[in-house]
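A.B. asks: what follows is a predicted structure for the sequence shown.
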Amino acid sequence: MTDQQLDQEFHCNLIRFNDIIKLHCNYREKIVVTEWISKLKSCSTNTDERKLRNMFLEHFIQCCNADIFRKPPFNKNISTSANLIDYAHYLPKLAGIKKEAPNTPWKTTMKNVTEMFSISHEFSDFLSQLPVPRDGGIFIMNIKKKEDC
């Protein structure tokens, strides 16, 4: 789909959604819905974000009669500074996708140390007793004997 088609689909669905909201939502829910609509309208010109915006709106239309804005996670106010992609895991289609936080150097180091211990089962006890260097690195060579046939 082109960007123009995505925008046209969004505006058509937005009209349908507004009609549904008038019939099924109370005052508190309308406040949350207004925040979601403003978040969807303020999406960037990126094609992927437009597709995500349309997915959210389609989900809202499909679930609105099931009181989607009365249950978590859609019943809470959303951050105006957050991007739409930050809420992508709310959609059932994209529930498995979560935005990972960037790793700090400490987390990266600990991940590498944990991986090193899991790879070398024979030396785990030996390695756990060694000090972890602050600078530089550790070189471990695992030599396996050829077994006689």
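C.D. replies: Now that the structure is in, tell me what you want to look at. Residues are numbered from 1 along each chain as shown.
A.B. asks: and the gap between Met110 and Thr45?
C.D. replies: 39 Å (C-beta to C-beta, to the nearest Å). (C-beta placed from N, C-alpha, C; glycine too.)
A.B. asks: if you count surrounding residues, which of those two has more?
C.D. replies: Met110 (13 against 8; other C-beta atoms under 10 Å).
A.B. asks: host element of the more buried one?
C.D. replies: Element membership of Met110, judged by DSSP states H and E, is helix 105-119.
A.B. asks: average pLDDT for that helix, rounded please.
C.D. replies: Helix 105-119 carries an average pLDDT of 70.
A.B. asks: wait, Ile21 touches Asp67, no?
C.D. replies: No - the pair Ile21 and Asp67 fails to qualify as a contact (C-beta atoms under 8 Å) at a distance of 11.8 Å.
A.B. asks: please say which of the two ends up with more neighbours.
C.D. replies: Of the pair Ile21 and Asp67, Ile21 is the one with more neighbours under other C-beta under 10 Å, namely 18 against 14.
A.B. asks: what residues are up against that one?
C.D. replies: When contacts are counted by C-beta atoms under 8 Å, 6 or more residues apart in numbering, Ile21 touches 29-30, 33, 64.
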